[in-house]
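> everything below, folded, please.
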Amino acid sequence: MIVDSALYRKGIRVKDAGDISDFVDEARKDGGFVWVGLSSPTQEEFDHVVGELNFHPLAVEDAITAQQRPKMDEYGGLTFIVIKTVFYDESRSAITTGELMCFVDPHFIVIVRHGEGSPLTSVRQEIETRPEFLAQGPFAVLHAVADRVIDGYTTIAAELENDVIQLENKVFGGNRKTFSQEIYFLKREIIEYRHAIEPLIMPLQKLVSETYLLTPELLKPFFRDTLDHLQRACEHASGMDSLLSSALQADLAHIQVRQNEDVRRISAWVALAAGPTMIAGIYGMNFEFMPELRWKLSYPLLLVGLASMSGYLFYKFRKSKWL
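Residues are numbered from 1 along each chain as shown. Sure thing, here's the model as predicted:
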């Protein structure tokens, strides 16, 4: 479905677009450009709206089916860019992604949105208040959209970092529970987040390169600033991924240490019981010649000996922190 469409001239919205191809022809003739926004269109809807613009079949297939990684392709004078939108559900600590398919020509930009992510209505409203910037053409729109999406990356990175810090505090909080499962699931979400944002670096680098002539020179500093924000978000995500790997190793090490402590504690109690058991076993054999059995003090001396031995072992184990 069409979310919004309009013809812009000198950065000012002059007409709400009816027939897209006619307005594109007018823009090519009299100047300006057309901005069309679509949301999850079917093949029939897409053909009806932009069918006469003769997009490359591969780009059309990508725009309809979605499920693309961030990338940039060129088809003649048409630039096709895929940008991943990212949404973070705090209640489930889960990452979901959507996609923006951007078809950029000197006289039009068509943006197809799929899945989760912030609607671009506010982007259009904001950039329409800056006609001097919008007058730079479709690449000004592309920058505004990419900048908004990448700002969202930064926000999500901060939310993920809070979850990482909370989980790290749990691991080192002295609790005997294991948090390996929580660490694994959060790490999986961060990996999905990285897969959504890191491939976008290459398209933005190409847009600001000196060899790419379609990007207006006045816009390249803005794209470089956006690229810098994206690279910081990628570095942030990489740092969180490494931190979770360390936390997982620490959690597993804590489990092993606790198991060793339990084994030592069990071994100490077994050693405490072994001496009395051995002596009691000897006297339970009913040998005929055991002269000490006829001593009057043999029983209390035996009990004192057992208590002394057990007490000495207990003292040594406590001193060694086995108990």
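
> for the most centrally placed residue in the chain, which three-state class applies?
Centre of the chain computed as the mean C-alpha position; nearest residue by CA atoms, centre = their mean is Ile190, 2.3 Å away. The three-state label given to Ile190 by DSSP: H, G, I helix; E, B strand; the rest coil is helix.

> contacting residues for it?
Ile95, Leu160, Val164, Ala237, Met240, Asp241, Leu244 (CB atoms under 8 Å, 6 or more residues apart in numbering). The way it works is simple: take the backbone N, C-alpha and C, and place the C-beta from them, glycine included.

> restricted to helices, list the residues you listed.
Per DSSP state H, helices hold the following members of the contacts of Ile190: Leu160, Val164, Ala237, Met240, Asp241, Leu244.

> what about these, which one has the most neighbours?
Of all the ones in helices among the contacts of Ile190, Leu244 has the most neighbours under the rule other CB atoms under 10 Å, reaching 25 neighbours.

> in space, what's closest to it - neighbours in sequence excluded?
The shortest distance from Leu244 to any non-neighbouring residue, by CB to CB, 6 or more residues apart in numbering, is to Lys187 (4.5 Å).

> just how off-centre is the host helix or strand of that neighbour within its chain?
Element membership for Lys187, per DSSP states H and E: helix 180-197. With CA atoms, centre = their mean, to the nearest Å as the basis, helix 180-197 stands 5 Å off its chain's centre.

> average model confidence for that helix?
On average, the pLDDT along helix 180-197 is 89.

> now swap in stretch 2-17 and tell me
Averaging pLDDT along stretch 2-17 gives 84.

> would you mark the buried spots in it?
Neighbour-count burial for stretch 2-17, counted by 16 or more other CB atoms under 10 Å, picks out Asp4, Ser5, Ala6, Leu7, Tyr8, Arg9, Gly11, Ala17.

> ok, so of those, who is nearest Val86?
When the buried residues of stretch 2-17 are ranked by distance to Val86 (CB to CB), Asp4 comes first, at 22.8 Å.

> ramachandran angles for the closest one?
phi -170, psi 150 (degrees, to the nearest 10).

> can you check Val104 too?
Dihedral angles (degrees, to the nearest 10) for Val104: phi -120, psi 130.

> that one: neighbouring residues, count only.
The burial count assigned to Val104 is 24, neighbours taken as other CB under 10 Å.

> that one bridge partners, please.
Thr79, Ile109 (DSSP bridges).

> returning to what we had before: and the residue nearest to Leu244, how far from Gly239?
13 Å (CB to CB, to the nearest Å).

> these two: which is more packed in?
Lys187 (19 against 13).

> identify the residues contacting that one.
So Lys187 contacts Asp241, Leu244, Ser245, Leu248 (CB under 8 Å, 6+ apart).

> closest one of the residues you listed to Gly51?
Of all the contacts of Lys187, Asp241 has the smallest distance to Gly51: 43.2 Å, by CB to CB.

> what's the closest one in contact with, if anything?
Asp241 makes contact with Lys187, Ile190, Ile191, Arg194 under the criterion CB under 8 Å, 6+ apart.

> make JSON lines out of the residues you listed and add distance to Val36.
Converted to JSON lines, the contacts of Asp241 look like this (distance: CB to CB, whole Å):
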{"residue": "Lys187", "distance to Val36": "39"}
{"residue": "Ile190", "distance to Val36": "35"}
{"residue": "Ile191", "distance to Val36": "34"}
{"residue": "Arg194", "distance to Val36": "31"}
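
> please save the CA atoms from the helix or strand encompassing Thr85 in CSV.
Using DSSP H and E, the element containing Thr85 is strand 78-89. This file holds the C-alpha atoms of strand 78-89, laid out as CSV (Å, rounded to 0.1, in the frame of the first residue of the first chain):
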residue,chain,number,x,y,z
LEU,A,78,19.3,3.5,-10.5
THR,A,79,20.8,2.9,-7.1
PHE,A,80,19.2,0.1,-5.0
ILE,A,81,20.0,0.1,-1.3
VAL,A,82,18.7,-2.2,1.5
ILE,A,83,18.7,-0.9,5.0
LYS,A,84,17.8,-3.1,8.0
THR,A,85,15.5,-1.6,10.6
VAL,A,86,15.9,-3.0,14.1
PHE,A,87,13.3,-3.2,16.9
TYR,A,88,14.1,-4.3,20.5
ASP,A,89,11.3,-5.8,22.7
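
> show me what counts as buried in it.
Buried, per 16+ other CB under 10 Å, within strand 78-89: Leu78, Thr79, Phe80, Ile81, Val82, Ile83, Lys84, Thr85, Val86, Tyr88.

> please state the offset of that strand from the chain centre?
15 Å.

> circling back to that earlier point, quick one: the residue nearest to the centre of the chain from Asp151, how far?
Distance from Ile190 to Asp151, counting by CB to CB: 19 Å.

> so where is the chain shaky, pLDDT-wise?
For the chain, residues meeting the criterion pLDDT under 70 lie at 1, 17, 116-119, 286-289, 293, 323.
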